[in-house]
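In: When you get a sec, could you give me coordinates for this:
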Amino acid sequence: MEKLSKPRVVFDEKENGPAHTWFDALARFSGLREALQRLDECVLPNWDMKAECTHINAIRPVNPVTNGCQECLARGDDWVHLRMCMTCGHVGCCDSSKNKHATNHFLHTKHPIIRSAEPGEPWGWCYVDELQLEFEDAA
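Out: Sure, this is the predicted structure:
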């Protein structure tokens with residue numbers, strides 16, 4: 001039996017021309033051909049494509065409106081972490097908090113970008129594009 005150390009061209013003109021690797025040739029003769037064709041028809045994400053936020057223009061020079069979650073402070077409630085809206089400065093609690101006021105703010109206002117209002121955390125989030133963002137300065 002011949003050892004295959006590298007892919008080679010295998011000609012099989014009855015079956016759509018040459019198979020370009022031993023795996024293609026094997027698939028053609030073992031019933032895997034149909035499965036490979038179905039897989040080939042699938043739309044897979046392009047992992048090499050760099051995703052970009054299309055809402056950067058919504059970022060404004062804002063300051064926090066409050067020193068805690070605006071709605072939780074009004075209710076006398078607690079929160080886990082704070083997020084600040086980068087369009088208007090609204091401060092809301094994170095999705096780990098029971099009230100999720102930062103996400104609720106986005107749902108009601110459509111302001112797309114928040115950032116962590118926690119000290120030393122320079123990340124943000126675009127709700128629309130579902131992308132994490134990095135800010136140059138920490139909160």
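In: Let me see the contact set for L82.
Out: Going by C-beta atoms under 8 Å, 6 or more residues apart in numbering, L82 touches G68, C69, V91, G92, C93, C94, A102, S116, A117, E118. Just so you know, the C-beta spots here come from the backbone N, C-alpha and C atoms, and that holds for glycine as well.
In: now, which of those residues lie within helices?
Out: The helices, defined by DSSP state H, take in A102 from these.
In: Looking at the contacts of L82, which is nearest A58?
Out: A102 (14.9 Å; C-beta to C-beta).
In: number of nearby residues for that closest one?
Out: A102 has 28 neighbours, counted by other C-beta atoms under 10 Å.
In: Give me the domain ranges for the chain.
Out: Listed domain ranges for the chain are 7-44, 56-134 (source: automatic domain parsing).
In: worst average pLDDT in those?
Out: Between the domains of the chain, the lowest average pLDDT goes to domain 7-44, which shows a mean of 52.
In: just to revisit the earlier point, biggest separation within the contacts of L82, which pair?
Out: Counting by C-beta to C-beta, the most remote pair of those is G68 and S116, 14.1 Å apart.
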